[in-house]
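> give me a 3D structure for the following:
(one chain, ligands or ions: 1)
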Amino acid sequence: MATSDLDLNRLYDAVLNGDLKAAVEVTNTALAADVDPQQLVTDFMIPAMDEVGRRFETNEYFVPELLISARAMKGALELIRPLLTARGIEPVGRVVVGTVKGDLHDIGKGLVAAMLEGGGFDVLDLGVDVSAEKFVAQAKERGAHIIAVSALLTTTMVGMKSVVAAVQEAGLKDRCRVIVGGAPVTQHFADTIGADGYSNSAAGAVALARRLLAS
Ligand code: B1M
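Next up is the predicted model:
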């Protein structure tokens, strides 16, 4: 099928409507037609999740709709993730990544992990609801250069400060940098809690991690 015959808006609709089967089907067809996997994520899947969030705010969607949309997005991402990670070249550093304590959102964090892997980093994904102590213990054990923390809730992003403090207390400050991101996080917030860097996107997190390693 020619790329022009593909209606990629079906991917947007599939994520928005929580249609896992359609999301997987359109993604498979698009990848077979050599559509850039990054484009599928940035131009169709993330905007669909943004619309899901908007509908949730206006009480058109409730938690079950959020869950089935997230399931559709994750189903499509499972196909895309290996392609993002396969882009890597030389391992450039070790990163421990996770979603902050109390927070169960893992889609953005998963994208950050995949992009870092694709950017040549050795990545340990600790999952969601990760305590400051766990971030530090795993970073120590792994000899990580970077701890990457994601948060999606204004109520949980404050926990990022505990990660920065735990790194300092463990005496790792010189060897291990803390970077933060996620929808509610800003550069100002990152500066306030003493994080070493902030990015608003998964691709930006890779550039940031590279800059920090070079400095
Ligand atoms: Co939740 N949720 N949710 N949710 N959810 C939001 C975040 C919300 C904004 C929706 C809304 O009201 N509009 C709102 C937060 C409001 C606030 O804090 N101000 C919200 C809420 C309220 C909640 C609950 C409290 C709902 C409830 O139970 N009443 C609850 C909390 C549970 C918990 O965590 N303890 C909850 C639950 C859930 C689900 C479990 C149902 C589901 C998550 C499923 C999953 O992840 N497996 C869910 C979803 C899907 C969303 C929305 C709709 C989509 C999130 C998402 O995956 N976006 C979300 C609304 C929204 O964000 N538009 C919402 C796509 C993803 C690719 O983007 O994660 O932002 P994002 O990641 C981006 C960047 O932020 C960046 O890179 C990514 C790609 O570019 N990035 C980093 C992320 N981490 C980074 C780290 C970095 C650098 C960049 O460096 C380390």
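> I'd like to know which elements the lengthiest helix in the chain is packed against.
For the chain, the helix with the greatest residue count under DSSP state H is helix 63-85. Contact partners of helix 63-85 among helices and strands, from 3 or more CB pairs under 8 Å, 6 or more residues apart in numbering; DSSP states H and E: helix 9-16, helix 20-32, helix 37-39, helix 46-57, helix 107-118. In this view, the C-beta of every residue, glycine as well, is placed from N, C-alpha and C.
> would you turn these into a markdown table with mean neighbour count, mean pLDDT and distance to the ligand?
Shown next, in a markdown table, are the helices and strands packed on helix 63-85 (neighbours: other CB atoms under 10 Å; pLDDT from 0 to 100; distance: least, CB to the nearest ligand atom, whole Å):
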| stretch | mean neighbour count | mean pLDDT | distance to the ligand |
| --- | --- | --- | --- |
| helix 9-16 | 22 | 95 | 9 |
| helix 20-32 | 19 | 96 | 13 |
| helix 37-39 | 17 | 88 | 10 |
| helix 46-57 | 16 | 85 | 3 |
| helix 107-118 | 24 | 83 | 2 |
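> can I get those in CSV including distance to G93?
Output for the helices and strands packed on helix 63-85, formatted as CSV (distance: least, CB to CB, whole Å):
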stretch, distance to G93
helix 9-16, 32
helix 20-32, 29
helix 37-39, 22
helix 46-57, 26
helix 107-118, 9
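> just the buried positions in stretch 94-108, please.
Going by neighbour count (16 or more other CB atoms under 10 Å), the buried part of stretch 94-108 is 94-103, 105-108.
> among those residues, which two are most distant?
Maximum pairwise distance in those, criterion CB to CB, is 25.6 Å, between R94 and G102.
> who touches stretch 159-177?
Contact with stretch 159-177 is made by 100-103, 132-133, 135-136, 139-140, 144-147, 149, 151, 178, 180, 185, 193-197, 212, as judged by CB atoms under 8 Å, 6 or more residues apart in numbering.
> nearest to K74, out of the helices and strands packed on helix 63-85?
Closest among the helices and strands packed on helix 63-85, once you apply CB to CB, is helix 107-118, at 6.6 Å.
> elements contacting that closest one?
helix 63-85, strand 93-99, strand 121-125, strand 146-150, helix 202-214.
> among those, show me which one is buried the most.
Of all the helices and strands packed on helix 107-118, strand 146-150 has the most neighbours on average by mean count of other CB atoms under 10 Å, namely a mean of 29.
> give me the sheet partners of that strand and which way each runs.
strand 93-99 (parallel), strand 177-181 (parallel) (DSSP bridges).
> touching the worst-scoring helix or strand of the chain on mean pLDDT from outside, list them.
The helix or strand of the chain with the lowest confidence, counting by mean pLDDT, DSSP states H and E, is helix 107-118 at a mean of 83. Residues from elsewhere that reach helix 107-118 (CB under 8 Å, 6+ apart): 41, 49, 70, 73-74, 77, 81, 84-88, 95, 97-99, 123, 125, 128, 148, 150, 152, 181-183, 202-203, 205-206, 209.
> all set now, cheers.
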